[in-house]
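>>> From the sequence below, what's the structure:
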Amino acid sequence: MCSSGRVSIAIAIACMSLLSGAISGAIAAVPELGSARVVFQTNYGDIEFGFYHSVAPKTVEHIFKLVQLGCYNTNHFFRVDKGFVAQVADVAGGRTAPMNEVQRLEAEKTIVGEFSDVKHVRGILSMGRYSDPDSAQSSFSILLGDAPHLDGQYAIFGKVTKGDETLRKLEQVPTRTEGIFVMPTERITILSTYYYDTGAETCEEDRLILKRRLAASAVEIEKQVKACSMLHIRKSNVCSYTGTSPWILQRMKCFP
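Below is the predicted model of the structure:
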């Protein structure tokens, strides 16, 4: 009995060690976000996200460059499948405003598939692609629920840090089904975008953030309005976006 007892204890210890290792591995699989933040201003509210540089460096570099160039402005979410994904269209075909040459060249780049063991859960950002694993360009999905069948098959590069209330609004938009896609019956427009660094602590750095924010919601929108006029796009679309958000008002304290 003593021998049998020692064997049982040994097995129990081994099982606990394996379980501990599995838990540690799961915790280690959650990467750290970088300090950069991107905000998509949509007609349903703002969505903010950060990047996993250590997991998908090439993907992060490409997406952030597209944001810096303003490529996602006037683009849209072409797919909203409640509990699954909200997918941003490729900028080359999804924008209502024309792209300049620099934007077009960046948008046409394809990115090597950077697949990892990070899990597809709500709030994760995951690149869209065709059957070729290295065919990702600018379309990506925001996960609206857990999707383990996507794990290891699509490049995860970041996650939503603010704006879950906006995602919930998107999930309530009426949809229609076209083939494998569940699509909104009305356009969910990305009116403008901006970015900032969470490490900005001084008033001067806050001014720089505000300037980018104002450029996104004022200067860029004005350009889009002009483009809309040239393209005869209905005023009810992006051309009608006006107003000053609480975000700007909160940061006016940095100005005399």
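>>> now residue 44: how far from residue 135?
29 Å (Cβ to Cβ, to the nearest Å). To be clear about C-beta, it is placed using only N, CA and C from the backbone, and glycine gets the same treatment.
>>> Hmm, I typed the wrong one, I wanted residue 72.
Distance from residue 72 to residue 135, by Cβ to Cβ: 19 Å.
>>> that older thread, residue 44 and residue 135: which is more packed in?
Between residue 44 and residue 135, residue 44 has the larger neighbour count (other Cβ atoms under 10 Å), namely 18 against 14.
>>> residue contacts, that one?
By Cβ atoms under 8 Å, 6 or more residues apart in numbering, residue 44 lies in contact with 166, 169, 170, 173, 188.
>>> So which residues of the stretch 51-200 of the chain form helices?
Taking DSSP state H, counting those that start in this stretch, the helices of the stretch 51-200 of the chain run over residues 57-68, 91-94, 101-107, 164-171.
>>> who does the strand ranked longest in the chain touch, helix- and strand-wise?
Longest strand of the chain, by residue count under DSSP state E: strand 188-197. Judged by 3 or more Cβ pairs under 8 Å, 6 or more residues apart in numbering; DSSP states H and E, the packing partners of strand 188-197 are strand 36-42, helix 57-68, strand 76-81, helix 203-214, helix 220-231.
>>> so what strands line up beside the first one?
To tie it back to what came earlier, the one meant is strand 36-42. strand 45-51 (antiparallel), strand 188-197 (antiparallel) (DSSP bridges).
>>> Settle this for me: residue 31 is touching residue 57, isn't it.
No. If you go by Cβ atoms under 8 Å, residue 31 and residue 57 don't touch, sitting 11.4 Å apart.
>>> if you count what's nearby, which of the two comes out ahead?
Taking neighbours as other Cβ under 10 Å, residue 31 and residue 57 compare with residue 31 leading, 19 against 13.
>>> Relative to residue 118, how far out is the more buried one?
6 Å.
>>> residues shared between the contacts of residue 31 and residue 57?
Common neighbours of residue 31 and residue 57 (Cβ under 8 Å, 6+ apart) do not exist.
>>> Output the below-cut-off pLDDT ranges for the stretch 1-150 of the chain.
1-29 (pLDDT under 70).
>>> one more time with 50
Scanning the stretch 1-150 of the chain for pLDDT under 50 picks out 1-3, 7, 11, 13-14, 17-18, 20, 22-28.
>>> coming back round to it: JSON lines for the strands paired with strand 36-42, including mean neighbour count and distance to residue 114?
Listed next are these as JSON lines, based on neighbours: other Cβ atoms under 10 Å; distance: least, Cβ to Cβ, whole Å:
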{"stretch": "strand 45-51", "mean neighbour count": "20", "distance to residue 114": "12"}
{"stretch": "strand 188-197", "mean neighbour count": "21", "distance to residue 114": "21"}
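>>> ok so, going back, which residues are in contact with both of residue 31 and residue 118?
Common neighbours of residue 31 and residue 118 (Cβ under 8 Å, 6+ apart) are 52, 55.
>>> show me what contacts residue 55?
31, 114, 116, 118, 156, 157.
>>> Can you pick out the most distant pair from the residues you listed?
31 and 114 (11.9 Å; Cβ to Cβ).
>>> contacting residues around stretch 152-168?
Looking at stretch 152-168 with Cβ under 8 Å, 6+ apart, the contacting residues turn out to be 33, 37, 42, 44-52, 55-56, 59-60, 63, 86, 111, 113-118, 120, 123-129, 136, 140-142, 144.
>>> burial count for residue 150?
17.
>>> okay if I get the helices of the stretch 51-200 of the chain as JSON lines plus distance to residue 192?
JSON lines is the format used below for the helices of the stretch 51-200 of the chain (distance: least, Cβ to Cβ, whole Å):
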{"stretch": "helix 57-68", "distance to residue 192": "11"}
{"stretch": "helix 91-94", "distance to residue 192": "14"}
{"stretch": "helix 101-107", "distance to residue 192": "15"}
{"stretch": "helix 164-171", "distance to residue 192": "14"}
